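> Here is a sequence with its predicted model. Questions after.
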Amino acid sequence: MKVAAITGGGQGIGRAIAYRFAEAGYAISLCDLDIDAGDEAAAQIRARGGTALFRPADVALAVDVETWMTETERQLGCPDILINNAGIMKRVDFLALSAVDFDRVIAVNLRGTFLCSQAAAKRMAARGQGGAIVNISSTRAYMSEAGTEGYTASKGGIAALTHGMAISLAPHRIRVNAIAPGWIETRDWQYSKRAEEPQHSEADREQHPVGRVGKPEDIAEACLFLADDKTSGFMTGQPIVIDGGMTVKMIYVD
Ligand code: NAP
């Protein structure tokens, strides 16, 4: 059974990715900061007949990442796929943004992606059967709203780290790609005690050329595509934008 390791897999997009890979027959290893959410996601996969392991971990901490990867390998085997999904965003006016807040966002989003990728790639390289890494970036790597500098810098860093790792890991037959989601609705994919039915206005929908807000399932399907050599074996180092067309739409105010 192939093994998919997913960071921040307890809720939101990460949970949808975990469910989709479990449905496709992968054994799932999740890590998350939120223990209730991670336990619940793993239990739901097992209840549907799948295999799932959850370990609490902060992806910004090397010791947590190493413990999670060691446990994954011991219980399920070497990861075939790593999805670097865990991420945080803090909106703070740039003139008031502290170095501590900036560093924490970079540490989770960018350092975490580096630490998890290195820990998984070492194991994939040692096994010698290749593998795939998918990094969840953001359209905010390429465009911005005010007050999101830590987040946009971290996601731009992930885009660059993706092509860097793609080249460095190619000799080990490890492909590395990224997905840049636009607006993905996750309120209904949270830990059950906090989940809410999302409401979208007509304006929310209409500002997307495809006529709707994104769903975590949209990202999960693309991760599955990027994980499999049969569907994406000739792709490495690439970012895929999944945003309902929002970033290619010209905006003129009448
Ligand atoms: P989410 O609903 O907040 O879920 C993220 C999960 O990751 C949470 O369970 C969170 O735990 C966990 N997490 C946070 N920091 C962590 C850490 N240091 N170590 C391990 N787990 C951690 O987020 P999401 O909206 O699904 O976003 C998932 C990814 O997609 C992120 O990288 C995000 O930047 C990216 N993205 C999302 C959107 C969107 O519109 N939703 C758009 C573009 C990109 P806590 O709740 O305890 O923090």
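Thanks, I have the structure now. Numbering: from 1, shown residues only.
> Assign the closest residue to A222 other than its chain neighbours to helix, strand or coil.
Nearest residue to A222 in three dimensions, chain neighbours excluded: I179, at 5.4 Å (C-beta to C-beta, 6 or more residues apart in numbering). C-beta here means a position set from N, CA and C on the backbone, and glycine is covered the same way. Per DSSP: H, G, I helix; E, B strand; the rest coil, the local secondary structure of I179 is strand.
> residue in the stretch 51-200 of the chain nearest to the ligand?
Nearest residue of the stretch 51-200 of the chain to the ligand, counting by C-beta to the nearest ligand atom: G87, 2.3 Å away.
> what are the ranges of the helices in this protein?
Taking DSSP state H to define them, one finds helices in the chain at 13-23, 35-47, 62-75, 99-106, 112-127, 149-169, 202-206, 216-227, 229-232.
> can you list the residues of this structure near the ligand?
7-8, 10-14, 31-34, 37, 57-60, 85-88, 108, 112, 136, 138, 181, 183-184, 186 (C-beta under 6 Å from any ligand atom).
> what about burial for these, which qualify?
For the residues of the chain next to the ligand, a neighbour count by 16 or more other C-beta atoms under 10 Å gives the buried set as 7-8, 10-14, 31-34, 37, 57-60, 85-88, 108, 112, 136, 138, 181, 184, 186.
> So which of the helices of the chain is the most surrounded?
helix 13-23 (a mean of 26; mean count of other C-beta atoms under 10 Å).
> same for that one, what does it pack against?
strand 3-7, strand 27-32, helix 35-47, strand 81-84, helix 216-227 (3 or more C-beta pairs under 8 Å, 6 or more residues apart in numbering; DSSP states H and E).
> Turn the ones you listed into a markdown table, columns for distance to R175 and mean pLDDT.
Shown next, in a markdown table, are the helices and strands packed on helix 13-23 (distance: least, C-beta to C-beta, whole Å; pLDDT from 0 to 100):
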| stretch | distance to R175 | mean pLDDT |
| --- | --- | --- |
| strand 3-7 | 14 | 99 |
| strand 27-32 | 19 | 98 |
| helix 35-47 | 25 | 98 |
| strand 81-84 | 10 | 98 |
| helix 216-227 | 8 | 98 |
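> would CSV of the ones you listed with distance to Q207 be doable?
Converted to CSV, those look like this (distance: least, C-beta to C-beta, whole Å):
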stretch, distance to Q207
strand 3-7, 30
strand 27-32, 31
helix 35-47, 30
strand 81-84, 28
helix 216-227, 16
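> Geometric centre of the chain: which residue is closest?
In the chain, the residue lying closest to the centroid (C-alpha atoms, centre = their mean) is N85, at 1.9 Å.
> ok, that one - contacts?
6-9, 13-14, 17, 136 (C-beta atoms under 8 Å, 6 or more residues apart in numbering).
> swap in P239?
P239 touches 137, 141, 159, 162, 177-180, counting by C-beta under 8 Å, 6+ apart.
> and the gap between it and the ligand?
12 Å (C-beta to the nearest ligand atom, to the nearest Å).
> Distance of that residue relative to K155?
Look at P239 and K155: by C-beta to C-beta, to the nearest Å, they are 10 Å apart.
> Quick check: neighbours shared by those two?
Counting by C-beta under 8 Å, 6+ apart, the residues touching both P239 and K155 are 137, 141, 180.
> mind putting those in a markdown table, pLDDT included?
Output for the shared contacts of P239 and K155, formatted as a markdown table (pLDDT from 0 to 100):
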| residue | pLDDT |
| --- | --- |
| S137 | 98 |
| A141 | 97 |
| A180 | 98 |
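> Can you tell me which of the residues you listed has the most neighbours?
Among these, the one with the most neighbours (other C-beta atoms under 10 Å) is S137, at 28 neighbours.
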